[in-house]
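Asker: Sharing a model that was predicted from the sequence below.
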Amino acid sequence: MKTYIDCWSSVATALFSQALAGEPELAESLPKPLAAGSFAFAATLSGDQEGRFSVVLDGAILESPLMGEGVDQKAAWGELLREVADAAAGELLATSGQTCRVDKFEETSGESQVSRAFQLRSGERSWTILIRDEVHTPRPVVQAEKGSSAVSEPEPPGPSNTGATPSPEAALSPGIELLLDVELEASLRFGCRELPLGEILDLGPGDVVQLDRHVTDPVDLIVGDKIVARGEVVLVNGNFGLRITEVAAPRKRLETIRCLF
């Protein structure tokens, strides 16, 4: 199961190449000491994974206008890293079903302990980015016998523990309701078939392509690239419709297409 730092690394790799000038690449590396002038930001997280997640950047990165010309580079880095922190929490929910939210994001002093290190490379230049990961799974509370107080299970060692299993009620994070009015395109998939390029070029009017699905098999309702439901095709006032027979659990609808049913 992915941890928060895994999701952060994945999101940061994508967003840095999109948001920064020169499309620099982020790659994991061995830790290196930072010179004077380094700066850091920390996110305080809560939910199924909670704790403090700090990002320390090489001060020399401010000398290059990666954020664009004429802007406050440090402030812009803070905004970008806050966006990465929020997106990593969403990625964690989508890939593992665990809720996680950023309660506080602030500039902080350099961290002395390092969990992982990365290099941000643009052309012949590179900058070190250090991570201190103190995110973990909260200790589950075990109900004690009557007359005694509740006790907590001992927490396994390690910065990113994933032993707790979220309840179905925790499948959607607080605040996800803000996205419920977003319109998405839905489509039906009756089946598929792989064909050699030569056969595709030979297709003409009247040819029949046999799909990999029997006529009695359910069809898929797809939103984006994910199956959210299955059912049977019906006619409604002369239009095609879908009578739902299977619906993926809310958490499953956020996972990959192969994990739903």
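Answerer: The structure has been received and is ready for your questions.

Asker: confidence score at residue 80?
Answerer: Looking at residue 80, its pLDDT reads 93.

Asker: so it is in which element?
Answerer: Per DSSP states H and E: residue 80 is located in helix 73-96.

Asker: relative to helix 73-96, how tilted is the next helix-or-strand element following that helix?
Answerer: Using DSSP H and E, the helix or strand that follows helix 73-96 in sequence is strand 100-108. Angle of strand 100-108 versus helix 73-96, following axes from the mean of the first three to the mean of the last three C-alpha atoms, to 10 degrees, is 160 degrees.

Asker: Show which residues not belonging to strand 100-108 make contact with it.
Answerer: 4, 39-50, 54, 78, 81-82, 85-86, 89, 92-93, 173-175 (C-beta atoms under 8 Å, 6 or more residues apart in numbering). (C-beta placed from N, C-alpha, C; glycine too.)

Asker: can you give me the strands for the stretch 51-200 of the chain?
Answerer: For the stretch 51-200 of the chain, the strands defined by DSSP state E, counting those that start in this stretch cover 100-108, 116-122, 125-136, 141-142, 151-152, 186-189.

Asker: in the last one, what's buried?
Answerer: Translated: strand 186-189. Using 16 or more other C-beta atoms under 10 Å as the test for burial, strand 186-189 gives no buried residues.

Asker: Now do it: which elements does it pack against?
Answerer: strand 219-223 (3 or more C-beta pairs under 8 Å, 6 or more residues apart in numbering; DSSP states H and E).

Asker: Could you export the strand it packs on as PDB, keeping only the C-alpha atoms?
Answerer: Coordinates of each C-alpha in strand 219-223 appear next as PDB, following Å, rounded to 0.1, in the frame of the first residue of the first chain:
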ATOM      1  CA  VAL A 219     -21.700  -3.500 -20.100                       C
ATOM      2  CA  ASP A 220     -19.500  -1.100 -18.300                       C
ATOM      3  CA  LEU A 221     -20.300   2.500 -17.300                       C
ATOM      4  CA  ILE A 222     -17.000   4.300 -17.400                       C
ATOM      5  CA  VAL A 223     -16.200   7.800 -16.000                       C
END
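
Asker: elements contacting the helix or strand that that strand is followed by?
Answerer: Downstream of strand 219-223, the next assigned helix or strand under DSSP H and E is strand 226-236. Applying 3+ C-beta pairs under 8 Å, 6+ apart, one finds that strand 226-236 contacts strand 219-223, strand 239-247.

Asker: is it true that residue 31 touches residue 117?
Answerer: Yes: using C-beta atoms under 8 Å, residue 31 is in contact with residue 117, at 4.0 Å.

Asker: Name the residues contacting each of the two.
Answerer: 128, 130.

Asker: which of those two has more neighbours?
Answerer: Neighbours per residue, other C-beta atoms under 10 Å: of residue 31 and residue 117, the larger number sits with residue 117, 16 against 13.

Asker: residues contacting the more buried one?
Answerer: Residues near residue 117 by C-beta under 8 Å, 6+ apart: 28-32, 128-131.

Asker: And those residues, which of them are buried?
Answerer: 128-131.

Asker: can you put those in TSV and add pLDDT and distance to residue 239?
Answerer: Listed next are those as TSV, based on pLDDT from 0 to 100; distance: C-beta to C-beta, whole Å:
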residue	pLDDT	distance to residue 239
128	92	59
129	93	53
130	92	57
131	92	53
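
Asker: What count of nearby residues applies to residue 3?
Answerer: Using other C-beta under 10 Å, residue 3 has 21 neighbouring residues.

Asker: go on, residue 53?
Answerer: 28.

Asker: Distance check, it against residue 123.
Answerer: Noted for residue 53: a distance of 29 Å to residue 123, by C-beta to C-beta, to the nearest Å.
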